[in-house]
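K.L.:
Compute the structure for the input listed below.
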Amino acid sequence: MINSNKLNGNFELTKLSELSKLEVLSLSDNALSSFTSASNSNYSLPCLADMFLKFKGLQVLDLSHNIPLSVGNNSEVDLVLPWLSDLCLSSCNITELSNFLTTQESLMFLDLSNNNIQGRITEQENNWGSNLVNLDLSNNLLTALEYYPWKSIEILDLGSNLLEGPLLAPPPSTMAFLISNNRLNGEIPSSICNPESSYLILYLDLSYNNLSGAISKCLGLRYHSILDLQMNKFYGNIPDFWVERNYGLQILNLNNNDFDGSLPKSLANCLGLEVLNLANNKINDTFPHWLGDLPRLKVLVLRSNYFHGQIAHSANESHFSTLQILDLSHNRFSGFLPTTYFRNFKGMMNLASVPMEYIGADRSYYIYSLALTMKGVEFMLERVLT
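P.N.:
As a prediction, the model looks like this:
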């Protein structure tokens, strides 16, 4: 591995050709300008399939964050790397999905994020990746998703593309489904709650789309760890999802929708809840003091709703003791602000003596950001500390 250095210029793969048992090659995060292999001259736009014809034993290949690549094949023989399980080509300016991928039957992890891959994913044109477990196609230019060829997928990231049309439920094996920041519309399909799923969708991120409709109660039965529906057009009451006590749900983000009614009391059963963001909705309720019993709650954002009435004193000194961020701005609260709550906010005290970590630090596929209001000005916290 020689990744994350300052290597530049031409890299001669011919010098590695005698390493017939080479299994792992990582050249990521360098400044290489070209590659030379035995089957080509100096490539300004190297073809991955041609460069690695002699490296049949490769299991892990990472060329991310280097020169632009083509995953096509200039030779007449299809390249098959029979042991290749991990392929990382993030930020290589790749423009299309290639037939090269269809021959890599052992491939389980594929990172094509931050490229310029365009077009549609259809059953006729994209029959590849049947054994993929983890696929990252985020930050590309994909416009339509009509079919999932990845029948064994567990982690699927399609965020920040140009996907349009209705949301297509992921394969039943999916555990993490991230498809935020696209142009999807319509309602959440009932098939996303498929009771026959072999796994449960633990991380579901549908944020920053144009999805609409009421939320099906089945979403609350899937035991999500993270449910992010912010910046859509969902409406109606937030269902009483959580009828049983559980530690599964950690982050619930419903910010910037059209939810109304009162806050479901079943949230008190979510004993693992760390972040609750309900900002910019039409929720009409009194202050949810009962949330103070949640032992891990760190972020509570109720900004810009119709919460009203007095915030009563709390006799329980452990109420909201883990809270670090509280935003009640732009509501209709009245009366005095009880000082007892400030004394309870032990999570906001003596942080210098507590090791800091990011919310989401142990959740590799989700980083939580948060908009807060201070003195009438909204600003963004890109990563939230716990």
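
K.L.:
Apart from its chain neighbours, what residue comes closest to residue 235?
P.N.:
Closest residue in space to residue 235, ignoring its immediate chain neighbours: residue 258 at 4.0 Å, by Cβ to Cβ, 6 or more residues apart in numbering. Glycine gets a C-beta too; all of them are placed from N, C-alpha and C.

K.L.:
which residues touch residue 115?
P.N.:
89, 90, 91, 92, 93, 94, 95, 139, 140 (Cβ atoms under 8 Å, 6 or more residues apart in numbering).

K.L.:
can you rerun that using 7 Å?
P.N.:
91, 92, 93, 94, 140 (Cβ atoms under 7 Å, 6 or more residues apart in numbering).

K.L.:
Residue 132 now?
P.N.:
Per Cβ under 7 Å, 6+ apart, neighbours of residue 132: 107, 108, 110, 150, 152, 153.

K.L.:
Separate out the buried members of those residues.
P.N.:
Listed as buried from these are 107, 108, 110, 150, 153; burial here means 16 or more other Cβ atoms under 10 Å.

K.L.:
nearest to residue 191, of the residues you listed?
P.N.:
residue 153 (15.5 Å; Cβ to Cβ).

K.L.:
Show the backbone phi and psi for the closest one.
P.N.:
Dihedral pair for residue 153: phi -60, psi 140, per degrees, to the nearest 10.

K.L.:
Then residue 343?
P.N.:
Note on residue 343: backbone dihedrals following degrees, to the nearest 10 are phi -70, psi -30.

K.L.:
Report the spatially closest residue to it, excluding sequence-adjacent ones.
P.N.:
Nearest to residue 343 is residue 317, by Cβ to Cβ, 6+ apart, at 7.5 Å.

K.L.:
again, but for residue 186
P.N.:
Among residues not flanking residue 186 along the chain, residue 166 sits closest, at 4.1 Å (Cβ to Cβ, 6+ apart).

K.L.:
Report the contact partners of the one you found.
P.N.:
Taking Cβ under 7 Å, 6+ apart, we find residue 166 in contact with 184, 185, 186.

K.L.:
Kindly state the beta-bridge partners for the last one.
P.N.:
Using DSSP bridges, the beta-bridge partners of residue 186 come out as residue 211.

K.L.:
for residue 88, same thing?
P.N.:
With DSSP bridges as the rule, residue 88 is bridged to residue 62, residue 111.

K.L.:
My read is that it contacts residue 64, right?
P.N.:
Yes: in this structure, residue 88 is within contact of residue 64 by Cβ atoms under 7 Å, at 4.8 Å.

K.L.:
okay, and the common contacts of those two?
P.N.:
Contact criterion Cβ under 7 Å, 6+ apart; residues shared by residue 88 and residue 64: 28, 111.

K.L.:
thinking again about what came up before, distance check, the residue nearest to residue 186 against residue 203.
P.N.:
Using Cβ to Cβ, to the nearest Å, residue 166 is found at 21 Å from residue 203.

K.L.:
quick one: the strands in the stretch 201-350 of the chain?
P.N.:
Assigned by DSSP state E, counting those that start in this stretch, the stretch 201-350 of the chain shows strands spanning 203-205, 210-213, 226-228, 233-237, 251-253, 258-261, 275-277, 282-283, 299-301, 308-310, 325-327, 332-334.

K.L.:
do the same with the stretch 1-150 of the chain
P.N.:
8-12, 24-26, 31-36, 60-62, 86-88, 109-111, 118-121, 134-136, 141-145.

K.L.:
show me where pLDDT drops low in the stretch 151-300 of the chain?
P.N.:
For the stretch 151-300 of the chain, residues meeting the criterion pLDDT under 70 lie at 194-199, 220-223.

K.L.:
what's the burial count for residue 243?
P.N.:
As a burial measure, residue 243 scores 12 neighbours (other Cβ atoms under 10 Å).

K.L.:
Tell me if I'm right that it and residue 266 touch.
P.N.:
Yes: contact criterion Cβ under 7 Å: residue 243 and residue 266 qualify, at 5.8 Å.

K.L.:
Tell me how far residue 292 lies from residue 274.
P.N.:
From residue 292 to residue 274 the distance is 14 Å (Cβ to Cβ).

K.L.:
quick one, which of the two is more surrounded?
P.N.:
More neighbours surround residue 274 than the other of residue 292 and residue 274, with 23 against 20 (other Cβ under 10 Å).

K.L.:
all helices in the chain, in order from the N-terminus.
P.N.:
48-51, 339-344 (DSSP state H).

K.L.:
rank those helices by mean pLDDT and give me the bottom one.
P.N.:
Lowest mean pLDDT within the helices of the chain: helix 48-51, a mean of 64.

K.L.:
residues contacting residue 128?
P.N.:
Here residue 128 is in contact with 101, 102, 149 (Cβ under 7 Å, 6+ apart).

K.L.:
Skipping its backbone neighbours, what lies nearest the first one in space?
P.N.:
Leaving aside its chain neighbours, residue 101 sits nearest to residue 128 (4.5 Å; criterion: Cβ to Cβ, 6+ apart).

K.L.:
for the closest residue to residue 318 other than its chain neighbours, what are its contacts?
P.N.:
Residue nearest to residue 318 in three dimensions, not counting chain neighbours: residue 344, with 7.2 Å by Cβ to Cβ, 6+ apart. For residue 344, the contacting residues are 314, 317, 319, 320, 321, by Cβ under 7 Å, 6+ apart.

K.L.:
cutoff 10 Å now
P.N.:
Residue 344 is in contact with 292, 314, 316, 317, 318, 319, 320, 321, 322, 323, 338, counting by Cβ atoms under 10 Å, 6 or more residues apart in numbering.

K.L.:
Likewise for residue 83?
P.N.:
Applying Cβ under 10 Å, 6+ apart to residue 83 gives the contacts 23, 55, 56, 57, 58, 59, 60, 104, 106.
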